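Participant: the sequence isn't on hand, but the structure is:
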Ligand SMILES: [Cu+2]
């Protein structure tokens, strides 16, 4: 059964809040920049001791504080010591990989479509479908609130583990550093038909879903079907519809993800301000520019979702290193979307059956304890 019966109880709530998202999206289209106002911010930091992690136990890193020193004026990740080089998989920028490694990643992503769903093993759904479903029904509640970054960090980790353990992929996740393309995003190598993820929807093609959704016409994901369009069951071809802030089709506005914009975001001192601007400015720019499936809560149907979010996770990692005294404990704001409760490191990250629930504290450090990857 898909979705789970028990989860359908949340369906109406999600559908109602969908209007919020559309309103935000259209406000942005009209050029108004929404800034999240955080009220009553407190920092409830509980130092959390990890105990008995059966799900994922990895050797503790011997990394010293020096290796976490910030590199304050650049987006280039600091070089890590060589003694750490084979400990945790390195997450790399898409275009820096040789074509054979790019193809290995794409093959592993496509492999998810032949694996049974973890959420509904007896259905005809696949592991590929699990990610948009969990994102729209659980991840939804983490947007516009403190857990936006930790929830997606864990979500990416589950994706990475699935690719590695079930699809034979031997690398780390890949990120799309869109600052390198901000002058002409639509020409980014990630959209390449032969080596990348395919480009815009069919120019002049029939509208599939949304305002400008048109089927992909090139690249390895041409035949992917998305069963849901956001929270509605509406099977359709995976669709894109490039559009800039003025509404011009075929273009993606890169202003909000320019190096200058990112530098401004990384310069913020409080987690609450950082996460708010990462989401409302940096995160939103790409989905609304690519459009259609990517701009809904079932965005993980578009494989670029994972390259985009890995880059956002990398920004958080860079920001954490600029706060050497508090980076690994800086957390706060609201516990979840529409909640007035204050967030804490002891809060649970819910994956509702896709993977065990864990605590926010467990994902604060990407290279020790629970997680194991590097940028
Ligand atoms: Cu999300």
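Facilitator: Happy to help now that I have it. Treat the numbers as computed from the prediction; the structure is a model and nothing was measured.

Participant: give me the residue at the spatial middle of the protein.
Facilitator: Closest residue to the average C-alpha location of the chain: residue 309 at 2.7 Å, with CA atoms, centre = their mean.

Participant: name the element that residue belongs to?
Facilitator: helix 304-321 (DSSP states H and E).

Participant: helix or strand right after that helix?
Facilitator: Heading C-terminal from helix 304-321 (DSSP H and E), you reach strand 348-349.

Participant: after that next one, which helix or strand is next?
Facilitator: For strand 348-349, the following helix or strand on the C-terminal side (DSSP H and E) is strand 358-359.

Participant: so residue 337 sits against residue 145, correct?
Facilitator: Yes: with contact defined as CB atoms under 8 Å, residue 337 counts as touching residue 145 (5.1 Å). (C-beta placed from N, C-alpha, C; glycine too.)

Participant: of the two, who's got more company?
Facilitator: Taking other CB atoms under 10 Å, residue 337 and residue 145 do not tie; residue 145 has more neighbours (23 against 15).

Participant: what is the burial count for the closest residue to that one other than its chain neighbours?
Facilitator: Nearest non-adjacent residue to residue 145, counting by CB to CB, 6 or more residues apart in numbering: residue 334, 4.5 Å away. By other CB under 10 Å, the residues close to residue 334 number 21.

Participant: list the contacts for residue 334?
Facilitator: Going by CB atoms under 8 Å, 6 or more residues apart in numbering, residue 334 touches 38, 145-146, 340-343.

Participant: confidence score at it?
Facilitator: Looking at residue 334, its pLDDT reads 93.

Participant: residue ranges with poor pLDDT in the chain?
Facilitator: 1-86 (pLDDT under 70).

Participant: in it, which spans are strands?
Facilitator: Ranges of strands in the chain, per DSSP state E, are 92-93, 174-175, 214-215, 225-229, 232-237, 239-240, 348-349, 358-359.

Participant: so what secondary structure elements neighbour the third one?
Facilitator: Other elements packing on strand 214-215 under the criterion 3 or more CB pairs under 8 Å, 6 or more residues apart in numbering; DSSP states H and E are strand 239-240.

Participant: residue 288 reaches residue 295, doesn't it?
Facilitator: Yes: at 5.4 Å, residue 288 and residue 295 qualify as touching, with contact defined as CB under 8 Å.

Participant: neighbour count for those two, which is higher?
Facilitator: Each of residue 288 and residue 295 has its neighbours counted (other CB under 10 Å); residue 295 has more, 25 against 21.

Participant: now the more buried one: how far from residue 329?
Facilitator: According to CB to CB, to the nearest Å, residue 295 and residue 329 sit 33 Å apart.

Participant: contacts only, for residue 301.
Facilitator: Going by CB under 8 Å, 6+ apart, residue 301 touches 132, 224, 226, 228, 238, 293.

Participant: now with 6 Å?
Facilitator: By CB atoms under 6 Å, 6 or more residues apart in numbering, the contact set of residue 301 is 132, 226, 238, 293.

Participant: now it, nearest residue through space, not along the chain?
Facilitator: Leaving aside its chain neighbours, residue 301 sits nearest to residue 226 (4.1 Å; criterion: CB to CB, 6+ apart).

Participant: which residues sit in contact with the one you found?
Facilitator: 236, 238, 293, 301.

Participant: if I look at the first one, how far off is residue 350?
Facilitator: Noted for residue 236: a distance of 28 Å to residue 350, by CB to CB.

Participant: how about residue 290, nearest residue that isn't a chain neighbour?
Facilitator: With CB to CB, 6+ apart, the residue lying closest to residue 290 is residue 240, at 5.4 Å.

Participant: can you get me a residue count around that neighbour?
Facilitator: Residues near residue 240, counting by other CB under 10 Å: 29.

Participant: what residues are up against it?
Facilitator: Contacts of residue 240 (CB under 6 Å, 6+ apart): 200-201, 290-292.

Participant: redo that, cut-off 10 Å
Facilitator: 191, 197-202, 208, 212-217, 221, 289-295, 302, 304 (CB atoms under 10 Å, 6 or more residues apart in numbering).

Participant: now, which of the residues you listed lie within helices?
Facilitator: Using DSSP state H, the members of the contacts of residue 240 that fall in helices are 289-290, 304.

Participant: just the buried residues of stretch 158-166, please?
Facilitator: For stretch 158-166, the neighbour count (16 or more other CB atoms under 10 Å) marks 158-160, 162-164, 166 as buried.

Participant: go on, stretch 226-240?
Facilitator: 226-231, 236-240.

Participant: which of these sit farthest apart?
Facilitator: 231 and 240 (19.7 Å; CB to CB).

Participant: can you list the buried residues of stretch 158-166 in a markdown table and add distance to residue 138?
Facilitator: As requested, the buried residues of stretch 158-166 are arranged in a markdown table below (distance: CB to CB, whole Å):
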| residue | distance to residue 138 |
| --- | --- |
| 158 | 12 |
| 159 | 14 |
| 160 | 18 |
| 162 | 16 |
| 163 | 20 |
| 164 | 22 |
| 166 | 21 |
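
Participant: between those residues, which is nearest residue 177?
Facilitator: Nearest to residue 177 among these, counting by CB to CB, is residue 160 at 17.8 Å.

Participant: next up, the contacts around the nearest residue to that closest one once chain neighbours are set aside.
Facilitator: In this structure, residue 160 finds its nearest non-sequential neighbour in residue 173, 4.8 Å apart by CB to CB, 6+ apart. Residue 173 makes contact with 89-92, 105, 156-157, 159-160, 163-164, 306-307, 309-310, 313-314, 373, 375 under the criterion CB under 10 Å, 6+ apart.

Participant: just the buried residues of the residues you listed.
Facilitator: 89-92, 105, 156-157, 159-160, 163-164, 306-307, 309-310, 313-314, 373, 375.
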